[in-house]
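Peer 1: Have a look at this fold, sequence not included:
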(Lines give C-alpha, C1' and ligand atoms only; values in the text may rest on other atoms or scores of the structure.)
Protein backbone atom coordinates (compact mmCIF):
# COMPACT_ATOMS: atom_id res chain seq x y z
CA UNK A 1 0.00 0.00 0.00
CA UNK A 2 1.35 3.41 -0.97
CA UNK A 3 2.04 5.70 1.98
CA UNK A 4 0.22 9.05 1.95
CA UNK A 5 2.16 12.07 0.78
CA UNK A 6 3.36 14.53 3.37
CA UNK A 7 4.79 18.06 3.11
CA UNK A 8 8.46 18.36 4.00
CA UNK A 9 7.57 21.61 5.73
CA UNK A 10 4.57 23.89 6.18
CA UNK A 11 4.63 27.70 6.25
CA UNK A 12 2.22 29.71 8.37
CA UNK A 13 1.98 33.40 9.17
CA UNK A 14 -0.13 36.51 8.64
CA UNK A 15 -0.80 38.19 5.32
CA UNK A 16 2.33 39.94 4.09
CA UNK A 17 4.76 37.56 5.77
CA UNK A 18 6.00 36.30 2.40
CA UNK A 19 4.83 32.69 2.70
CA UNK A 20 4.40 32.19 -1.05
CA UNK A 21 7.58 34.00 -2.06
CA UNK A 22 9.77 32.33 0.56
CA UNK A 23 8.01 29.02 0.02
CA UNK A 24 9.03 28.96 -3.62
CA UNK A 25 12.64 29.74 -2.71
CA UNK A 26 12.66 26.97 -0.11
CA UNK A 27 11.14 24.48 -2.54
CA UNK A 28 13.80 25.28 -5.12
CA UNK A 29 16.61 24.91 -2.60
CA UNK A 30 15.24 21.64 -1.25
CA UNK A 31 14.54 20.28 -4.73
CA UNK A 32 10.84 19.71 -4.07
CA UNK A 33 7.53 21.13 -5.25
CA UNK A 34 5.61 24.09 -3.84
CA UNK A 35 1.88 24.19 -3.07
CA UNK A 36 -0.17 27.20 -1.99
CA UNK A 37 -3.42 26.41 -0.17
CA UNK A 38 -5.05 29.64 -1.35
CA UNK A 39 -4.40 28.62 -4.95
CA UNK A 40 -5.97 25.20 -4.30
CA UNK A 41 -9.03 26.88 -2.79
CA UNK A 42 -9.45 29.16 -5.80
CA UNK A 43 -9.15 26.19 -8.14
CA UNK A 44 -11.74 24.24 -6.14
CA UNK A 45 -14.19 27.13 -5.84
CA UNK A 46 -13.69 28.45 -9.36
CA UNK A 47 -13.52 32.05 -8.19
CA UNK A 48 -11.24 34.42 -6.24
CA UNK A 49 -11.29 34.29 -2.45
CA UNK A 50 -12.54 37.90 -2.32
CA UNK A 51 -15.60 36.80 -4.31
CA UNK A 52 -16.13 33.86 -1.93
CA UNK A 53 -16.20 36.23 1.04
CA UNK A 54 -18.60 38.57 -0.74
CA UNK A 55 -20.93 35.99 -2.27
CA UNK A 56 -20.77 33.07 0.15
CA UNK A 57 -19.55 34.56 3.42
CA UNK A 58 -16.51 33.90 5.57
CA UNK A 59 -18.02 30.79 7.20
CA UNK A 60 -18.33 29.06 3.82
CA UNK A 61 -14.80 30.03 2.90
CA UNK A 62 -13.39 28.74 6.21
CA UNK A 63 -15.23 25.42 5.78
CA UNK A 64 -13.69 24.94 2.34
CA UNK A 65 -10.31 26.06 3.67
CA UNK A 66 -10.40 23.43 6.43
CA UNK A 67 -11.24 20.76 3.88
CA UNK A 68 -8.50 21.78 1.46
CA UNK A 69 -5.86 22.07 4.20
CA UNK A 70 -6.73 18.61 5.56
CA UNK A 71 -6.35 17.11 2.10
CA UNK A 72 -3.09 18.94 1.45
CA UNK A 73 -1.50 17.81 4.71
CA UNK A 74 -1.92 14.19 3.65
CA UNK A 75 -1.95 14.53 -0.13
CA UNK A 76 0.88 16.79 -1.25
CA UNK A 77 4.62 16.72 -0.72
CA UNK A 78 7.20 19.48 -0.85
CA UNK A 79 6.68 22.89 0.72
CA UNK A 80 3.12 23.85 1.66
CA UNK A 81 2.02 27.45 2.38
CA UNK A 82 -1.19 27.83 4.36
CA UNK A 83 -3.49 30.82 4.19
CA UNK A 84 -3.11 33.40 6.92
CA UNK A 85 -6.30 32.33 8.69
CA UNK A 86 -5.91 28.56 8.34
CA UNK A 87 -4.74 28.21 11.95
CA UNK A 88 -8.03 29.61 13.25
CA UNK A 89 -9.50 26.12 12.94
CA UNK A 90 -8.69 23.88 15.90
CA UNK A 91 -8.81 20.77 13.71
CA UNK A 92 -6.17 22.31 11.47
CA UNK A 93 -3.92 23.08 14.43
CA UNK A 94 -4.31 19.49 15.62
CA UNK A 95 -3.55 18.17 12.12
CA UNK A 96 -0.33 20.22 12.05
CA UNK A 97 1.11 18.33 15.02
CA UNK A 98 4.01 16.23 13.90
CA UNK A 99 4.70 18.43 10.87
CA UNK A 100 7.65 20.77 10.58
CA UNK A 101 5.89 24.14 10.71
CA UNK A 102 7.64 27.44 10.04
CA UNK A 103 6.04 30.60 11.40
CA UNK A 104 7.08 33.64 9.36
CA UNK A 105 6.52 36.80 11.40
CA UNK A 106 5.87 40.30 10.09
CA UNK A 107 5.52 43.64 11.87
CA UNK A 108 2.37 45.73 11.66
CA UNK A 109 4.03 48.36 9.46
CA UNK A 110 5.72 45.85 7.16
CA UNK A 111 2.55 43.78 6.85
CA UNK A 112 0.51 46.81 5.87
CA UNK A 113 3.07 47.83 3.25
CA UNK A 114 3.51 44.36 1.81
CA UNK A 115 -0.21 43.67 1.49
CA UNK A 116 -0.87 47.12 0.10
CA UNK A 117 -4.33 46.91 1.66
CA UNK A 118 -5.49 45.27 -1.56
CA UNK A 119 -9.19 44.64 -2.02
CA UNK A 120 -8.15 41.07 -2.84
CA UNK A 121 -7.57 40.62 0.90
CA UNK A 122 -11.14 40.85 2.20
CA UNK A 123 -10.30 40.74 5.91
CA UNK A 124 -8.11 43.83 5.55
CA UNK A 125 -10.72 45.95 3.80
CA UNK A 126 -12.46 48.63 5.80
CA UNK A 127 -12.28 52.19 7.05
CA UNK A 128 -9.32 51.53 9.38
CA UNK A 129 -7.08 48.85 7.85
CA UNK A 130 -4.28 49.52 10.33
CA UNK A 131 -6.50 48.74 13.31
CA UNK A 132 -7.94 45.74 11.49
CA UNK A 133 -4.50 44.33 10.71
CA UNK A 134 -3.27 44.93 14.27
CA UNK A 135 -6.27 43.08 15.67
CA UNK A 136 -5.61 40.24 13.21
CA UNK A 137 -1.95 40.00 14.26
CA UNK A 138 -2.81 40.10 17.97
CA UNK A 139 -5.47 37.41 17.65
CA UNK A 140 -3.51 35.01 15.46
CA UNK A 141 0.03 35.30 16.85
CA UNK A 142 -0.59 32.81 19.71
CA UNK A 143 -2.10 30.33 17.25
CA UNK A 144 0.87 30.54 14.88
CA UNK A 145 3.21 29.98 17.82
CA UNK A 146 1.10 27.04 19.03
CA UNK A 147 1.70 25.11 15.81
CA UNK A 148 5.22 26.33 14.97
CA UNK A 149 8.38 24.25 15.05
CA UNK A 150 10.47 27.37 14.40
CA UNK A 151 9.73 31.10 14.17
CA UNK A 152 11.55 33.27 11.64
CA UNK A 153 11.48 37.09 11.58
CA UNK A 154 11.24 38.47 8.03
CA UNK A 155 12.16 42.08 8.93
CA UNK A 156 15.11 43.56 7.04
CA UNK A 157 15.71 40.29 5.20
CA UNK A 158 15.41 39.38 1.54
CA UNK A 159 13.42 36.32 0.53
CA UNK A 160 16.68 34.43 0.03
CA UNK A 161 17.88 35.44 3.50
CA UNK A 162 14.60 34.35 5.07
CA UNK A 163 14.83 31.00 3.27
CA UNK A 164 18.40 30.51 4.50
CA UNK A 165 17.31 31.35 8.07
CA UNK A 166 14.57 28.71 7.80
CA UNK A 167 16.97 26.04 6.55
CA UNK A 168 19.47 26.87 9.30
CA UNK A 169 16.79 26.73 12.00
CA UNK A 170 15.59 23.34 10.75
CA UNK A 171 19.10 21.93 10.48
CA UNK A 172 18.84 21.48 6.72
CA UNK A 173 22.18 23.25 6.22
CA UNK A 174 25.14 23.50 8.63
CA UNK A 175 25.59 26.67 10.63
CA UNK A 176 28.94 27.36 8.94
CA UNK A 177 27.63 26.88 5.39
CA UNK A 178 28.82 29.77 3.20
CA UNK A 179 26.18 32.22 2.11
CA UNK A 180 25.95 32.96 -1.60
CA UNK A 181 26.78 36.56 -2.50
CA UNK A 182 23.73 38.76 -2.96
CA UNK A 183 22.82 39.66 -6.52
CA UNK A 184 21.49 43.24 -6.62
CA UNK A 185 19.62 42.47 -9.84
CA UNK A 186 17.70 39.59 -8.22
CA UNK A 187 14.56 40.81 -6.40
CA UNK A 188 14.82 37.78 -4.10
CA UNK A 189 18.16 39.14 -2.89
CA UNK A 190 16.88 42.63 -2.09
CA UNK A 191 16.53 43.07 1.69
CA UNK A 192 13.28 44.40 3.03
CA UNK A 193 14.09 47.32 5.36
CA UNK A 194 11.78 47.72 8.32
CA UNK A 195 8.77 49.86 7.40
CA UNK A 196 10.07 50.33 3.88
CA UNK A 197 10.04 48.37 0.64
CA UNK A 198 8.02 45.28 -0.10
CA UNK A 199 8.95 41.66 -0.45
CA UNK A 200 8.75 40.70 -4.14
CA UNK A 201 5.32 39.46 -5.09
CA UNK A 202 5.16 35.77 -6.05
CA UNK A 203 4.12 34.94 -9.61
CA UNK A 204 0.77 33.46 -8.67
CA UNK A 205 -2.68 33.70 -10.27
CA UNK A 206 -4.75 36.69 -9.20
CA UNK A 207 -6.01 35.14 -5.97
CA UNK A 208 -7.01 36.72 -2.73
CA UNK A 209 -5.14 36.27 0.48
CA UNK A 210 -6.76 35.34 3.75
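Peer 2: Received, thanks. In this text the structure is predicted, and so the values were computed from the model without any measurement.

Peer 1: Am I right that residue 140 is in a helix?
Peer 2: Yes - assigned with DSSP: H, G, I helix; E, B strand; the rest coil, residue 140 falls within a helix.

Peer 1: Who are the contact partners of it?
Peer 2: Under the criterion of Cβ atoms under 8 Å, 6 or more residues apart in numbering, the contact partners of residue 140 comprise 14, 84, 85, 87, 88. For the C-beta atoms, the positions are set from N, CA and C on the backbone; glycine is no exception.

Peer 1: Including pLDDT, distance to residue 22 and neighbour count, could the residues you listed go into JSON lines?
Peer 2: Compiled in JSON lines, these are given as follows (pLDDT from 0 to 100; distance: Cβ to Cβ, whole Å; neighbours: other Cβ atoms under 10 Å):
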{"residue": "14", "pLDDT": "92", "distance to residue 22": "13", "neighbour count": "25"}
{"residue": "84", "pLDDT": "93", "distance to residue 22": "14", "neighbour count": "26"}
{"residue": "85", "pLDDT": "94", "distance to residue 22": "18", "neighbour count": "21"}
{"residue": "87", "pLDDT": "97", "distance to residue 22": "17", "neighbour count": "25"}
{"residue": "88", "pLDDT": "96", "distance to residue 22": "22", "neighbour count": "16"}
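
Peer 1: Kindly indicate which of these lies nearest residue 64.
Peer 2: Relative to residue 64, the closest of the contacts of residue 140 is residue 85; by Cβ to Cβ it sits at 12.1 Å.

Peer 1: follow-up on the earlier one: Serialize the contacts of residue 140 to a markdown table and add fields for distance to residue 54 and secondary structure.
Peer 2: Compiled in a markdown table, the contacts of residue 140 are given as follows (distance: Cβ to Cβ, whole Å; DSSP: H, G, I helix; E, B strand; the rest coil):
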| residue | distance to residue 54 | secondary structure |
| --- | --- | --- |
| 14 | 22 | coil |
| 84 | 18 | coil |
| 85 | 16 | coil |
| 87 | 23 | helix |
| 88 | 19 | helix |
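
Peer 1: Distance to residue 21 added to those residues, as a markdown table?
Peer 2: Shown next, in a markdown table, are these (distance: Cβ to Cβ, whole Å):
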| residue | distance to residue 21 |
| --- | --- |
| 14 | 14 |
| 84 | 14 |
| 85 | 19 |
| 87 | 19 |
| 88 | 23 |
